[in-house]
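[1] Compute the structure for the input listed below.
(one chain, ligands or ions: 1)
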Amino acid sequence: MDATTDSRPAEAAADAAAGLPADFLWGVATSAYQIEGAHEEDGRTPSIWDTFCRVPGAVVGGENGDTACDHYHRMPDDVALIAGLGVDAYRFSVSWPRVQPGGRGPANARGLAFYDRLVDELLAKDVLPWITLYHWDLPQELEDAGGWPARDTAHRFADFAELVMDGLGDRVRHWTTLNEPWCSAMLGYEQGVHAPGRKDFPEAIRAVHHLLLGHGLAAQRLRAAAPEPIQLGITLNMGTAYPASDRAADRDAARRADGLGARIYLDPLLRGRYPADVVADLALAGAELPVQDGDLELIAEPLDLLGVNYYSSHVFSGTPEHGEPEAAPTGEPFSRIVPQQLPVTAMGWDIIPRGLTDLLVRLGRDYPGLPLYITENGAAFDDTAAPDGTVEDADRTAYLADHIRAVAAARTAGADVRGYFAWSLMDNFEWAYGYDKRFGLVRVDYDTQRRTPKRSALWFSDTVRRHREQRGG
Ligand code: FCB
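    Here you go, the predicted model:
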């Protein structure tokens, strides 16, 4: 891949990664349901996403992941594409209902064999495999048995984790338990916009605790079953919650948003307790974390790294704008997001690279000693493809460059950030938005499944290559 014919990306490339250390890890990321397709092949059973996609109105255009990017059948070519980008690592997820259909019992050898081949293919091309065990595709049978609000699901997840370790642990060192438990719990069980589509806040809070418990149980089992020491982590999606002003009500609105968005995960994982202010906020909202004796010790199983997925940040106000009451009858204070008049992505998400710098610096300060990796960052834009499939996505390139600079700034300010994975390798099934929103560095033509690197892919590749040259690798 040669981007040297265009001087603009090369200049930006040289600049964006400046200040990052020699051993900084560069990667691209995907997840199973978003790219694999082959939904009924080799013994795979439905996940909550297969079911949710069939609910009328749940997904834009009534789309689903039945075929997606057909990665299941095109995996060797896709790995060649990844290797061609010159990145160090590939973050992918393992489909639970492919490896353990129905979510119970032994491994499905044919399903596991796919990941076995994937890992071998990556290693043969010198690309580090970085596994995520749960990227939202809960086996439907486990949802039918109660889903994440049910405690047993945490135990089922630990069993699944061990099956994957037994199959791949001889070659894989980097293990992430969960991707974005906030999304699983809140989008899935409170807002109902993700699978399984429930709308029940107390149930969502039960899901939070059982996701964390599942993480802790899995973490123990993974370490115990690993043939060699592993790098174990969890990936959280976070932004910076800014108060709209110095007023007490605005600062409190930001505190509450940060509590439910970030600290409800960070504190039990890294400090062994839920934050008291969050527990009090939950009580006002009629919700309770179903903690049993010993749970917090399990959840606080030591981590080797923290994965951070960053897309945007918000400004919060606790000051009513249109005469709303300052508190609900339960005592829950008023809160709103203040629009910022900033450039947005095609998702409507504000572009705030500074929020990433502030987040990383804060994580380093409040939870010291933990290496951080950006496990997702990227943007959807309304790409226009030329007849040959190429896309001149200067907007995406600028987004990536600005955020990589934001990472470098955080390092300068003392945050121990060690790697960056672009979301995503290629356009894919963007959950409730279907195929409409394109996050890929590589364009996918869904009619032909042809992959064409966008300008941003060439730029990213060039950034990595130049950084490696500087570090003499
Ligand atoms: C994250 C998800 C990922 C993708 C990006 C855009 O929340 O982890 O699967 O959908 O958002």
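
[2] all contacts plus neighbour counts: C-alpha atoms, from now on.
    Noted.

[3] Sketch out the low-pLDDT regions of the stretch 1-150 of the chain for me.
    Along the stretch 1-150 of the chain, segments meeting pLDDT under 70 span 1-14.

[4] give me that answer again for 90
    Across the stretch 1-150 of the chain, the ranges flagged by pLDDT under 90 are 1-15, 18-19.

[5] element containing the residue lying farthest from the centre of the chain, please.
    Most distant residue from the mean C-alpha position of the chain: Gly323, 37.4 Å away (CA atoms, centre = their mean). Gly323 belongs to no helix or strand when elements are defined using DSSP states H and E.

[6] Now it: phi and psi?
    phi 70, psi 20 (degrees, to the nearest 10).

[7] Mind pulling the model confidence for it?
    Note for Gly323: predicted pLDDT of 91.

[8] I figured Gly197 was touching Phe52, is that so?
    Yes - Gly197 is within contact range of Phe52, at 7.0 Å (criterion: CA atoms under 8 Å).

[9] list residues touching both of those two?
    Overlap of the contact sets of Gly197 and Phe52 (by CA atoms under 8 Å, 6 or more residues apart in numbering) is empty.

[10] Whichever strand or helix holds Gly84: which residues count as buried?
    Gly84 belongs to helix 71-85 when assigned by DSSP H and E. Using 16 or more other CA atoms under 10 Å as the burial criterion, the residues of helix 71-85 that qualify are His71, Tyr72, Met75, Asp78, Val79, Leu81, Ile82, Ala83, Leu85.

[11] ok, Ala244 - contacts?
    Shown in contact with Ala244 (CA under 8 Å, 6+ apart): Asp250, Arg251, Val315, Phe316, Ser317, Val338.

[12] Can you pick out the most distant pair from those residues?
    Using CA to CA, the contacts of Ala244 reach their maximum pairwise distance at Arg251 and Val338, which is 12.9 Å.

[13] higher neighbour count, those two?
    For Arg251 versus Val338, neighbours defined as other CA atoms under 10 Å are more numerous around Arg251 (18 against 15).

[14] Can you tell me how far that one is from Ala283?
    20 Å (CA to CA, to the nearest Å).

[15] what do you get for Ser313?
    Taken as CA to CA, the span from Ser313 to Ala283 is 26 Å.

[16] These two: which is more packed in?
    More crowded of Ser313 and Ala283, by other CA under 10 Å: Ser313, with 20 against 15.

[17] Give me the pLDDT for the nearest residue to the more buried one once chain neighbours are set aside.
    Excluding its sequence neighbours, the residue lying closest to Ser313 (CA to CA, 6 or more residues apart in numbering) is Gly239, at 4.6 Å. pLDDT for Gly239: 98.

[18] for the helix holding Gly84, packing partners?
    The contact analysis (3 or more CA pairs under 8 Å, 6 or more residues apart in numbering; DSSP states H and E) places helix 71-85 against helix 109-124, helix 455-471.
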